[in-house]
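> Test case, fold it:
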Amino acid sequence: MRQYNFFAVDLGATSGRTIIGTFSDGQLSMRVNTRFHHDIIHMQGHQYWDLLHLYQEIVKGLQKAASEHIRLDSIGIDTWGVDFVLIGKDGMPLRSPYSYRDPHTEGMMDEYFKIIPAKQVYEATGIQFMSFNTLFQLYTLWRHHDAALAQADKILLLPDALSYLLTGKMVTERTILSTSQMMDPSTGKVIPQLLQPMGIREEQFAPYAQPGQQIGALTPELQQLTGLGAVPVVAVAGHDTASAVAAVPAEDKEFAYLSSGTWSLMGIETLQPIINEKSYEENFTNEGGIEGTTRFLKNICGMWLFERCRAEWSDAPDDYDQFYANIEGTPGFHSFIYPDAPEFAHTDSMVSAIQTYCRETGQPVPDGYKAIARCIFDSLAMRYRQVFHLLETMAPFALRRLHIIGGGSQNYLLNQFTANALGVDVYAGPQEATATGNIMMQAKACGLVKDVWEMRSMIRHLVQPRLYKPQDTGQWAAAYDQYLKVTSKNQKH
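Okay, the predicted model is just below:
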């Protein structure tokens, strides 16, 4: 059996990587090819992504692969959601894309709802409301008489725009489009009625593409620049979370997943979207997955709380495992916070914000890194239990286990706390879920795997997820009642 090499581009909001995944004799190995940083550009009161820098870093990664005489079978790109590039009639980007962090969308969501009510938007899309969703970004540009929008011939979401720069071919990939709050989750197409207030037409979006579909090949110019041939570029699951969920090493459908990193995303994979009064009230979202599935999920503040505190602690160990070992024996359930409370969203000192929350809710105020970290981990586990129970009430099947993927899957202490709080088995890994899902979709496009379940079986045997069995469930159930009581001021979920 010959060796296959797949080139994955995985872009986060501050850094990116190119990764080479190699299939040989039924085994998958992955290695980082290049790493790079990218910064938001602040200019004249706005915040932009440097599209050409991202493109150039992808080209550098391809050149490095060529210099090492690696024969690439395909290329796939995943990024964060919602952001987009406006393309002119000459086929060129009209300007650098706005970042979702730009504050120009503040207040615009409510203005849009004066035209089309919020509930009508949710019933049509099933997407949770965030002011930076593509729909509200476009509305903001229209309200501000943006010259680039007025001249735009096509609107390409970020991974599709980068694939276009590599191939000269335009597509609108389903999973990334689903983050926009403009897509009908049943058809996978843009909803024209939502765009009419801005005068935007469905024709301004490129032909729809499913994950695993070939977009095109490297342009002749790039073949010369990189020293590679006409390597195919594949539409993987362009949204990074969709790629990560594709890599969940589950055996059957009766699972929930937790994509754990700076933010935590907990959800289930369903064949149909779940859009009803309860999902609307609880602000759950229905995003696209591979093979026509829906990722029904909720965003939860994740390890960002811990990392922000960790930056303030001068006496805490740098090594993560040593840190977890140091707090393992710290008494728990003394204090709780509501991880998604607004006071933790923007603060100069996370330590002070946590201590203030505990003081104002009449709890013992944690002091020192051990007590504060234990407070964070206890609270995250309880919040996971809360969302897991909500999922159980809406899922069309039983939830018998939780799969934790992403960087947070390495936090063995929080993983055990989560198993204790939920009362179900927790499986941790893979850590590199997004890149794994990206590469597996390329392998599927190449005919090496037939469907998501064969992908997951292969990942399960390669990664061997670590199992955490529930412990002390009675104590955790009693502590959950305490958590609900002290966080009652936040209990609109």
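> Ramachandran angles for residue 85?
With angles defined as degrees, to the nearest 10, residue 85 shows backbone torsions of phi -120, psi 140.
> I figured residue 184 hits residue 127, correct?
No - the criterion here is Cβ atoms under 8 Å, and residue 184 misses it with residue 127 at 10.8 Å. (Each C-beta comes from the backbone N, C-alpha and C, glycine too.)
> Please identify which of the two sits among more neighbours.
Between residue 184 and residue 127, counted using other Cβ atoms under 10 Å, residue 127 has the larger neighbour count: 25 against 16.
> Let me see the contact set for that one.
Residue 127 makes contacts with 133, 178-181, 183, 285-287, as judged by Cβ atoms under 8 Å, 6 or more residues apart in numbering.
> Dump these to JSON lines, plus pLDDT and neighbour count.
Output for the contacts of residue 127, formatted as JSON lines (pLDDT from 0 to 100; neighbours: other Cβ atoms under 10 Å):
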{"residue": "133", "pLDDT": "97", "neighbour count": "25"}
{"residue": "178", "pLDDT": "98", "neighbour count": "29"}
{"residue": "179", "pLDDT": "97", "neighbour count": "25"}
{"residue": "180", "pLDDT": "98", "neighbour count": "27"}
{"residue": "181", "pLDDT": "98", "neighbour count": "26"}
{"residue": "183", "pLDDT": "98", "neighbour count": "30"}
{"residue": "285", "pLDDT": "97", "neighbour count": "27"}
{"residue": "286", "pLDDT": "97", "neighbour count": "25"}
{"residue": "287", "pLDDT": "97", "neighbour count": "29"}
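> Out of these, list just those in strands.
Using DSSP state E to define strands, the subset of those located there is 183, 285-287.
> show me where the stretch 51-200 of the chain has strands.
74-78, 84-87, 154-157, 172-173, 183-184, 189-190 (DSSP state E, counting those that start in this stretch).
> List the pairing partners of the last one within its sheet, with orientation.
In the sheet containing strand 189-190, its partner strands are strand 183-184 (antiparallel), by DSSP bridges.
> all helices of the stretch 301-450 of the chain, in order?
In the stretch 301-450 of the chain, the segments counted as helices under DSSP state H, counting those that start in this stretch are 304-310, 320-327, 350-360, 369-394, 412-422, 433-445.
> Buried residues, stretch 198-205. List them.
Residues of stretch 198-205 classed as buried under the neighbour-count rule (16 or more other Cβ atoms under 10 Å) are 198, 200, 204-205.
> Can you pull the phi/psi pair for residue 114?
Listed backbone geometry of residue 114 is phi -70, psi -20, with angles given as degrees, to the nearest 10.
> Can you give me the pLDDT of it?
Reading off the confidence values, residue 114 has pLDDT 98.
> can you check residue 2 too?
At residue 2 the predicted local confidence, pLDDT, stands at 88.
> and the gap between it and residue 82?
Distance from residue 2 to residue 82, counting by Cβ to Cβ, to the nearest Å: 39 Å.
> quick one: which of these two has more around it?
Neighbour totals were compared for residue 2 and residue 82, and residue 82 leads with 21 against 8 (other Cβ under 10 Å).
> Next, count neighbours for residue 192.
Neighbouring residues of residue 192 were enumerated by other Cβ under 10 Å; the total is 13.
> Make sure it is actually in contact with residue 202.
Yes - with contact defined as Cβ under 8 Å, residue 192 and residue 202 form a contacting pair (5.0 Å).
> residue closest to the middle of this protein?
Among the residues of the chain, the smallest C-alpha distance to the mean C-alpha position (Cα atoms, centre = their mean) belongs to residue 241, namely 3.4 Å.
> Tell me the helix or strand right after whatever helix or strand it lives in.
Using DSSP states H and E, residue 241 sits within helix 240-246. Moving toward the C-terminus from helix 240-246, the first helix or strand encountered (DSSP H and E) is strand 256-260.
> returning to what we had before: I'd like the contacts of residue 127 as JSON lines, with distance to residue 167 appended.
As requested, these are arranged in JSON lines below (distance: Cβ to Cβ, whole Å):
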{"residue": "133", "distance to residue 167": "27"}
{"residue": "178", "distance to residue 167": "22"}
{"residue": "179", "distance to residue 167": "22"}
{"residue": "180", "distance to residue 167": "22"}
{"residue": "181", "distance to residue 167": "27"}
{"residue": "183", "distance to residue 167": "23"}
{"residue": "285", "distance to residue 167": "30"}
{"residue": "286", "distance to residue 167": "30"}
{"residue": "287", "distance to residue 167": "25"}
